[in-house]
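> When you get a sec, could you give me coordinates for this:
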Amino acid sequence: MDCTGYYGQLTQDEQEALTQIIRTLYRQTYLLERKYDRRTGRMQYMKEYQVCSKHLEFLKEYFAVADIMLRENAHMGVIYIQGGQNWGEKLPRLATVYLLVLKLIYDEQMASVSSSSHIVTTMGAVNGKAGEFKVLRSLPSATEMRRTIALLKKYQIIEPLETLEEMNEETRLIIYPCIQAVLMGEEIRELLAEFGEEDNLGDETAIQSTIEDMPE
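Below is the predicted model:
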């Protein structure tokens, strides 16, 4: 494909949409096909995913220049980048802990509920699982939890089904399938065990797509 010629044939709106998608992929490393819409109470298709899928071959060649692979997992509804170096912004320690725990909960529930690509859990279950692995020095304050959940929501990893202002142990969280594309390939339980043993481990973790065996 002649990438320059292909891009030049697009309208200005299409070019701007692709530019925004490329920036999002560099920053976040993935796009979701569907997200929860609180107004309708349903999962809604995301326009940026549809645009990315439409121009997938062009974008694959664009990223390949930088030795980056762009992949689409149609079953999970995720488009993500891999390879080259580490991308993504850094996560603070509590967000890293929650990310690991959410991945563990996601895997456990997907093993028994394979008909859905997203999983619903609760804030209490997340803190409880973190407690099992002794990776929290103490129960985070309500402010810390709200800030952390808001950050993970920003990166489309989770979606709270209740408002953050009313967040408590019963607050329900949708875990999106992109959780499969933002963690390293090592065994999650081992990572959590290491977290519990070393106080300073994981003060910051990059959001990055490094899963090599994500199911197609």
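> use CA for all of it now, contacts and neighbours both
Noted.
> any idea how far residue 93 is from residue 41?
Going from residue 93 to residue 41 by C-alpha to C-alpha, to the nearest Å gives 31 Å.
> So between those two, which is more surrounded?
The residue with more neighbours, out of residue 93 and residue 41, is residue 93; 19 against 9, by other C-alpha atoms under 10 Å.
> Could you point out the helix or strand that follows the helix or strand harbouring residue 48?
Per DSSP states H and E, residue 48 falls inside helix 47-54. Proceeding N to C from helix 47-54, the next assigned helix or strand is helix 56-64, under DSSP H and E.
> okay, the angle between the very next helix or strand once past that next one and helix 47-54?
Next helix or strand after helix 56-64 toward the C-terminus (DSSP H and E): strand 69-73. Strand 69-73 runs at 110 degrees relative to helix 47-54, counting by axes from the mean of the first three to the mean of the last three C-alpha atoms, to 10 degrees.
> in its sheet, what does strand 69-73 sit against?
strand 78-82 (antiparallel) (DSSP bridges).
> quick one: residue 177 and residue 110 touch, right?
No. Taking contacts as C-alpha atoms under 8 Å, residue 177 lies outside contact range of residue 110: 10.0 Å.
> intersection of neighbour lists for those two?
Shared contacts of residue 177 and residue 110 (C-alpha atoms under 8 Å, 6 or more residues apart in numbering): residue 117.
> Among the two, which residue is more densely surrounded?
Each of residue 177 and residue 110 has its neighbours counted (other C-alpha under 10 Å); residue 177 has more, 25 against 15.
> which residues does the more buried one contact?
Listed by C-alpha under 8 Å, 6+ apart, the contact partners of residue 177 are 32, 76-78, 117-118, 157.
> same thing but at 7 Å, please
The contact partners of residue 177, by C-alpha atoms under 7 Å, 6 or more residues apart in numbering, come to 76, 117-118.
> can you map out the strands along the chain?
For the chain, applying DSSP state E gives strands covering 30-32, 34-37, 42-45, 69-73, 78-82, 90-92, 119-122, 158-160, 172-175, 204-206.
> Could you export those as a markdown table, including mean pLDDT?
What follows is the strands of the chain, written out as a markdown table (pLDDT from 0 to 100):
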| stretch | mean pLDDT |
| --- | --- |
| strand 30-32 | 91 |
| strand 34-37 | 91 |
| strand 42-45 | 91 |
| strand 69-73 | 91 |
| strand 78-82 | 89 |
| strand 90-92 | 76 |
| strand 119-122 | 93 |
| strand 158-160 | 94 |
| strand 172-175 | 95 |
| strand 204-206 | 50 |
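> Let's have those in a markdown table, adding distance to residue 152 and mean neighbour count.
Below are the strands of the chain laid out as a markdown table (distance: least, C-alpha to C-alpha, whole Å; neighbours: other C-alpha atoms under 10 Å):
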| stretch | distance to residue 152 | mean neighbour count |
| --- | --- | --- |
| strand 30-32 | 13 | 24 |
| strand 34-37 | 14 | 17 |
| strand 42-45 | 18 | 13 |
| strand 69-73 | 21 | 17 |
| strand 78-82 | 17 | 22 |
| strand 90-92 | 9 | 16 |
| strand 119-122 | 14 | 18 |
| strand 158-160 | 6 | 24 |
| strand 172-175 | 10 | 22 |
| strand 204-206 | 13 | 17 |
